[in-house]
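Enquirer: sequence and predicted structure are below.
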Amino acid sequence: MVSPCIYRGWVVLGIATLLFMTQKGIEVSWGTTILCFQQDEDFPQSTLALLGTPLSVFLAFKVSLSNLIYMALFKYGQLSLRQFTALGVSLMVLGLFLTSFADSPQFVAASFGILSGSGTGVLIVCTYIVIALWFPWSHRFHVFSTSVLSAMDPLGITVVNVVVANMCADPSLGWRWAFRLCAAVFGSMGSLLLAVFGNPPIVSSEQQEAMPNEKSFRSPNIQKPPWSVRSKVVIHGIWAIAICCKGFAYFLPMVILPKHLIDLGYKEVDAVKVISVFGTVGAIGQAFASLVGDYVKGYIMVANLVAATMLTVNNIIAAYSTSLTAVYVYCAGGLGVFSWSIPCRVLCCQQ
């Protein structure tokens, strides 16, 4: 199915990137979906907080299950990554399809939150592992390949937001058919990924260290200090807090901005345009950061400092976004937030 002249890892990476774009678009377009729910007769008394609960459940299951599956795979190496990937795709598609029949926020929390969230958690961790096997740390494009998976997420957010908004505006379609369309597209891409999955080469750390041709790609700045248990606990605690803060800055705008603009008196089409700009700018910035990621291996603290500075400035701008122009300025600042978030996480995890 794949030409022998093409490294299969690139094919797997390309399809996985499209799948991640679709998944992230579905996940982060929840702000637009909430506006659709509020116009449905099955959700007449639902508050914004109640309609936002399914996304919270989704993220909780996505994050918690990802860690559990990773630990299981790490401990029991004989488990098939392909089987776990198929399970993740199936749960995601089933959750989206069942959500199209929802008649209450509680139903959505169970179908989209639990089923789709669990499926996404399984899919993400398995996909990152298989890409890391196709492109190990010693590979010239390791950081690029493992970070570009999410680099195009903002573009997926832009596309899915527009599709969902247009389908909700059409009385003959509505949000229910939007979920069914997402289920069909995600299922198709997931099946394609499984078809080209292949058998990635497994290279041990000892073999990587022995590769003479890859020495030029290992930075002398990579340090592995002999940390004590107490130091590791403190470092992991600080890292966890940083990830939580980054999560708030990443997801809240997608949920709050549409409703915020409606409250300011703007139309829904303006909200869709704002999210589209936010996603497009983020995609450009993150793609650029992925391209240069392999050239900054080892400069973990500098990369994180740049990311934290950009995130701080962007959130200060958010406090003054009380007009459509100010919101667009805030979206332009999203370039910094999206640019370094994923590559920095890759560098941190690998080092």
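Expert: Cool, got the structure.

Enquirer: for the rest of this, base every contact and every neighbour count on C-alpha atoms.
Expert: Fine.

Enquirer: list the contacts for residue 123?
Expert: Residue 123 makes contacts with 84-89, as judged by Cα atoms under 8 Å, 6 or more residues apart in numbering.

Enquirer: so it is in which element?
Expert: Under the assignment given by DSSP states H and E, the secondary-structure element containing residue 123 is helix 117-134.

Enquirer: let's see that helix as CSV, backbone CA atoms only.
Expert: In CSV, the C-alpha atoms belonging to helix 117-134 read as follows (Å, rounded to 0.1, in the frame of the first residue of the first chain):
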residue,chain,number,x,y,z
GLY,A,117,-12.7,11.4,26.0
SER,A,118,-11.5,7.9,26.8
GLY,A,119,-11.1,7.1,23.1
THR,A,120,-9.1,10.2,22.5
GLY,A,121,-6.8,9.5,25.5
VAL,A,122,-6.0,6.0,24.2
LEU,A,123,-5.5,7.2,20.6
ILE,A,124,-3.2,10.1,21.5
VAL,A,125,-0.8,8.2,23.7
CYS,A,126,-0.5,5.3,21.2
THR,A,127,0.0,7.6,18.3
TYR,A,128,2.8,9.6,20.0
ILE,A,129,4.5,6.3,20.9
VAL,A,130,4.4,4.9,17.4
ILE,A,131,5.6,8.2,15.8
ALA,A,132,8.5,8.2,18.4
LEU,A,133,9.4,4.7,17.3
TRP,A,134,9.4,5.7,13.6
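
Enquirer: residues of whichever helix or strand comes after that helix that come out buried?
Expert: Later in the chain than helix 117-134, the nearest helix or strand by DSSP H and E is helix 142-151. Along helix 142-151, the positions that meet the burial threshold by neighbour count (16 or more other Cα atoms under 10 Å) are 142-151.

Enquirer: likewise for stretch 256-269?
Expert: Using 16+ other Cα under 10 Å as the burial criterion, the residues of stretch 256-269 that qualify are 257-261, 268.

Enquirer: those in helices, which ones?
Expert: Assignment to helices by DSSP state H places the following of the buried residues of stretch 256-269 there: 257-261, 268.

Enquirer: same list (the residues you listed) but as CSV, adding pLDDT.
Expert: Formatted as CSV, the entries for these read as follows, by pLDDT from 0 to 100:
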residue, pLDDT
257, 74
258, 76
259, 75
260, 77
261, 80
268, 74
